[in-house]
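[1] Kindly return the folded structure for what I paste below:
(one chain, ligands or ions: 3)
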Amino acid sequence: MELVRRSCPVLLLVLGLSSGAVINWPTKEGKEVWDYVTVRKDAHMFWWLYYATNPCKNFSELPLVMWLQGGPGGSSTGFGNFEEIGPLDSNLKPRKTTWLQSASLLFVDNPVGTGFSYVNSSGAYAKDLAMVVSDMMVLLKDFFSCHKEFQAVPFYIFSESYGGKMAAGISLELHKAVQQGTIPCNFAGVALGDSWISPIDSVLSWGPYLYSMSLLDDQGLKDVSKIAEQVLDAVNQEHYVEATKLWGKAEWVIEQNTDNVNFYNILTKDTPQSPKKSSLEFSQSYLVRLGQRHLRLLHQDALSQLMNGPIRKKLKIIPEDRSWGGQATEVFTHMEGDFMKPVISIVDKLLEAGVNVTVYNGQLDLIVDTMGQEAWVRKLTWAELPKFNQLKWKPLYSDPESSETSAFVKSYKNLAFYWILRAGHMVPSDQGPMALKLMRMVTKQEEDALSRR
Ligand SMILES: *[C@@H]1O[C@H](CO)[C@@H](O)[C@H](O)[C@H]1NC(C)=O
Ligand SMILES: *[C@@H]1O[C@H](CO)[C@@H](O)[C@H](O)[C@H]1NC(C)=O
Ligand SMILES: *[C@@H]1O[C@H](CO)[C@@H](O)[C@H](O)[C@H]1NC(C)=O
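    Numbering: from 1, shown residues only. Ligands and ions are numbered 1, 2, ... in the order given. So this is what the prediction gives:
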């Protein structure tokens, strides 16, 4: 370890003198390490770890948070790191609300093929959640064996979108592995952000949600409800490939009726892809188009240039013939048969096993709207659910000086639900201070403000 013990009061004093600010996190760069793990034949997974940089605490006194991006095919080391919670933003400027001030951060590009991860043969892409989970178990086993300094540190998994579905599956398997003693890790909980736990509950709530927000008229609601029923039929019959196709169609119906609402934040508009429709693009299947639509935001040009430019230069170990995001669409399309499968039963198992589960959702998200999340939570068979339901929520304020409500929270035993206001799908991008507070609350570094009043 290279960290030098720093005397906290002195450091704060120095910072206070030099900047005049009350709190100013040191800009000194912390320790970072990264590597590949071969999780299966021809399947190479990339991870990037940042040790917490806090002026008062050694990293060993702070939790370790693993962040999982959605898609599938979205890169944690790229999007999550530079657009959401990492120490630097995509202009390489320090991020005030970085989670690194309160946790060490482990970004993993999964499933294989995502971000800087890659497969050598097209047969090596993951095709379902079980494979995604077993790949991650290989990675985590390797990680905790090689980084013994994290074995006792509380380990949390935070996730977004499809990353939430992966996080649920990974958490259950990790919990088992820890109990069996096969992975030396102090697993402390999972947080599911705008997560794709029950796709059909999202699809079924799109119409009512948009209608209530003045983004559908009666005719539009009728159209959206009709296609949503078709998705429901396909899911009920377990025709998951068909359900994925119909889901794509449902999105198209919504775009037609809402003048292209942005699925990731309903107060903004989706600017349809610049019509550089090459013949190649026209020949692509609906699945490729669907994948590209959902991965586009996570692979914006500026971020791609950063990752494929200065970042890969810094990392040094990225094979020359591989590019960041180069296999993302393939990652997505290979999961076609898995996409619409629900994992509510996995969340139930986590709750029964006593794993701490947090659900958080942005108010302005459409693709995984809050109504849909509430719908699947109601379907849990967890014995404590009635008591959870009877609770009243409590308001949260990210700025103690302000009376502006930032979120509501309800928590009972090992389940917590956060309603994050004024945030879309990417909660930390939209509400950085509240997202940081959420992480600190979930990892028991902060009590909720109300209980201290
Ligand atoms: C931080 O914690 C690690 C692991 O416990 C320890 O090896 C290291 O000496 C600590 N560093 C400081 C500065 O206390
Ligand atoms: C797999 O791909 C990497 C990166 O392109 C390459 O360096 C390696 O030689 C390949 N391995 C095999 C077995 O083809
Ligand atoms: C899990 O949640 C319970 C209830 O909120 C809490 O008492 C406990 O400290 C949590 N455990 C961890 C490891 O965060």
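
[2] Can you list phi and psi of L364 for me?
    The main-chain torsion angles of L364 are listed as degrees, to the nearest 10 and equal phi -100, psi 10.

[3] list the contacts for it?
    L364 sits next to 265-267, 422-424, 430 when contact means CB atoms under 8 Å, 6 or more residues apart in numbering. To be clear about C-beta, it is placed using only N, CA and C from the backbone, and glycine gets the same treatment.

[4] Which residue ranges of this protein form strands?
    Listed from the start of the chain, the chain has strands (DSSP state E) covering 32-40, 43-50, 64-68, 104-109, 118-119, 154-160, 186-193, 357-362, 394-396, 407-412, 415-420.

[5] For V241, find the nearest of these.
    Put simply, out of these the one that sits nearest V241 is strand 118-119, at 21.3 Å, with distance taken as CB to CB.

[6] what lines up beside that closest one in the sheet?
    Based on DSSP bridges, the strands next to strand 118-119 in the sheet, each with its direction, are strand 43-50 (antiparallel).

[7] now the closest residue to A407 other than its chain neighbours: how far from M371?
    In this structure, A407 finds its nearest non-sequential neighbour in L396, 4.3 Å apart by CB to CB, 6 or more residues apart in numbering. Distance of L396 to M371, computed by CB to CB, to the nearest Å: 20 Å.

[8] More neighbours: which of these two?
    Each of L396 and M371 had its neighbours counted (other CB atoms under 10 Å), and the higher figure belongs to L396 (21 against 15).

[9] I'd like the distance between that one and ligand 1.
    According to CB to the nearest ligand atom, to the nearest Å, L396 and ligand 1 sit 31 Å apart.

[10] show me the contacts for the residue most central in space within the chain.
    The centre of the chain sits closest to E160, judged by CA atoms, centre = their mean, with a distance of 2.0 Å. Residues in contact with E160 (CB under 8 Å, 6+ apart) are 67-70, 80, 84, 193-195, 425-427.

[11] Same list, the contacts of L364, but as a markdown table with distance to Y36, neighbour count and pLDDT please.
    Listed next are the contacts of L364 as a markdown table, based on distance: CB to CB, whole Å; neighbours: other CB atoms under 10 Å; pLDDT from 0 to 100:
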| residue | distance to Y36 | neighbour count | pLDDT |
| --- | --- | --- | --- |
| N265 | 34 | 22 | 96 |
| I266 | 39 | 22 | 96 |
| L267 | 40 | 12 | 96 |
| R422 | 38 | 16 | 98 |
| A423 | 33 | 26 | 98 |
| G424 | 33 | 24 | 97 |
| D430 | 32 | 21 | 97 |
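
[12] Which segments of this structure make up each domain?
    Here the domain parsing of the chain from automatic domain parsing is 1-202+296-453, 203-295.

[13] As a check, name the ranges of all helices in the stretch 351-453 of the chain.
    Read by DSSP state H, counting those that start in this stretch, the stretch 351-453 of the chain holds these helices, from start to end of the chain: 370-378, 385-390, 427-430, 432-442.

[14] The last one to strand 64-68, inter-axis angle?
    Between helix 432-442 and strand 64-68, the angle formed by their directions is 120 degrees, by axes from the mean of the first three to the mean of the last three CA atoms, to 10 degrees.

[15] so what does helix 432-442 touch, helix or strand wise?
    Helix 432-442 makes packing contacts with strand 154-160, strand 186-193, strand 357-362, strand 407-412, strand 415-420, helix 427-430 when contacts are defined by 3 or more CB pairs under 8 Å, 6 or more residues apart in numbering; DSSP states H and E.

[16] Can I get these in JSON lines including distance to ligand 2?
    Converted to JSON lines, these look like this (distance: least, CB to the nearest ligand atom, whole Å):
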{"stretch": "strand 154-160", "distance to ligand 2": "28"}
{"stretch": "strand 186-193", "distance to ligand 2": "32"}
{"stretch": "strand 357-362", "distance to ligand 2": "37"}
{"stretch": "strand 407-412", "distance to ligand 2": "43"}
{"stretch": "strand 415-420", "distance to ligand 2": "39"}
{"stretch": "helix 427-430", "distance to ligand 2": "31"}
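
[17] can you tell me which of those comes nearest to ligand 3?
    Set against ligand 3 and scored by CB to the nearest ligand atom, the helices and strands packed on helix 432-442 come closest in strand 186-193, at 3.6 Å.

[18] Roughly how far does the closest residue in space to S122 that isn't next to it in sequence sit from E336?
    Distance criterion CB to CB, 6+ apart; nearest residue to S122, sequence neighbours excluded, is E330 at 7.0 Å. E330 sits 11 Å away from E336 when distances are taken as CB to CB.

[19] for K245, same thing?
    Using CB to CB, one gets 9 Å for the distance from K245 to E336.

[20] now do A167
    21 Å.

[21] who has more neighbours, the two?
    Neighbours were counted for A167 and for E336 using other CB under 10 Å; A167 has more, 31 against 18.

[22] one step back: let me have the strands of the chain in TSV, adding mean pLDDT and distance to S202 as columns.
    Formatted as TSV, the entries for those read as follows, by pLDDT from 0 to 100; distance: least, CB to CB, whole Å:
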stretch	mean pLDDT	distance to S202
strand 32-40	98	29
strand 43-50	98	28
strand 64-68	98	18
strand 104-109	98	25
strand 118-119	98	29
strand 154-160	98	14
strand 186-193	98	13
strand 357-362	98	11
strand 394-396	96	24
strand 407-412	97	20
strand 415-420	98	16
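
[23] Is K394 in contact with A407, as I believe?
    No. K394 is beyond contact range of A407, at 9.4 Å (criterion: CB atoms under 8 Å).

[24] near ligand 2, which residues of the stretch 201-350 of the chain?
    Applying CB under 6 Å from any ligand atom, one finds that the stretch 201-350 of the chain approaches ligand 2 through 319, 321-322.

[25] Tell me the one among those nearest to ligand 2.
    Nearest to ligand 2 among those, with distances taken as CB to the nearest ligand atom, is P319, at 3.5 Å.

[26] Tell me how many other residues surround the residue lying closest to that closest one once chain neighbours are set aside.
    What sits nearest to P319 in space, not counting adjacent residues and going by CB to CB, 6+ apart, is Y118, at 7.3 Å. The number of residues packed near Y118 is 24, by other CB under 10 Å.

[27] on that earlier part again, put together TSV for the helices and strands packed on helix 432-442, with distance to Q179 on each row.
    As requested, these are arranged in TSV below (distance: least, CB to CB, whole Å):
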stretch	distance to Q179
strand 154-160	14
strand 186-193	9
strand 357-362	17
strand 407-412	24
strand 415-420	20
helix 427-430	31
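
[28] Indicate which one of these is closest to P208.
    Go through these one by one with CB to CB and the one that ends up closest to P208 is strand 357-362, at 15.8 Å.
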